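**Student:** pasting the sequence and the predicted model now:
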Amino acid sequence: MTTATDVHALGLLLFETLCGAHPFRTPGQSAESLQQALRDSEAPRLTHQAGLIDMPKAWSQDLERVVAKALDKDPGQRYASALELGDDVRA
């Protein structure tokens, strides 16, 4: 467990909050399948989600970049801290 793990978890929560759905979980999915998806799959684009809350297009595009960075498969490419992630969300 590292800060990068925490940032990833916060990215998952942000995605779920904005879309009402987990980016990797599907109905009836096994725990092993979910773990594999978390490990191997890229997160879907936030702006392509049917459940995305209504907001100005510029906000959704900015938030898409924030979520993508938080969920990057390479931990070195994620935010260095939850504070940095929070700063970008607030911006």
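**Tutor:** Here it is on my side, so go on. Numbering: from 1, shown residues only.
**Student:** check contacts around Gln61.
**Tutor:** Thr47 (Cβ atoms under 8 Å, 6 or more residues apart in numbering). C-beta: built from backbone N, CA, C; applies to glycine.
**Student:** any idea which element it lies in?
**Tutor:** helix 57-70 (DSSP states H and E).
**Student:** quick one: that helix to chain centroid distance?
**Tutor:** 9 Å (Cα atoms, centre = their mean, to the nearest Å).
**Student:** now do the buried residues in the very next helix or strand once past that helix.
**Tutor:** Later in the chain than helix 57-70, the nearest helix or strand by DSSP H and E is helix 82-90. Within helix 82-90, the residues that count as buried by 16 or more other Cβ atoms under 10 Å are Leu85.
**Student:** which residues does helix 82-90 contact?
**Tutor:** Residues contacting helix 82-90 (Cβ under 8 Å, 6+ apart): 3, 6-7, 10-11, 14, 63, 66, 69-70, 79.
**Student:** of all those residues, which comes closest to Phe24?
**Tutor:** Gly11 (11.3 Å; Cβ to Cβ).
**Student:** residue contacts, the closest one?
**Tutor:** Neighbour list for Gly11: 43, 67, 69-71, 78, 85 [criterion: Cβ under 8 Å, 6+ apart].
**Student:** only whichever of those residues are buried, select them in PyMOL.
**Tutor:** One line in PyMOL is enough to select the buried ones among the contacts of Gly11; burial here means 16+ other Cβ under 10 Å:
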select buried, resi 43+67+69+70+71+78+85
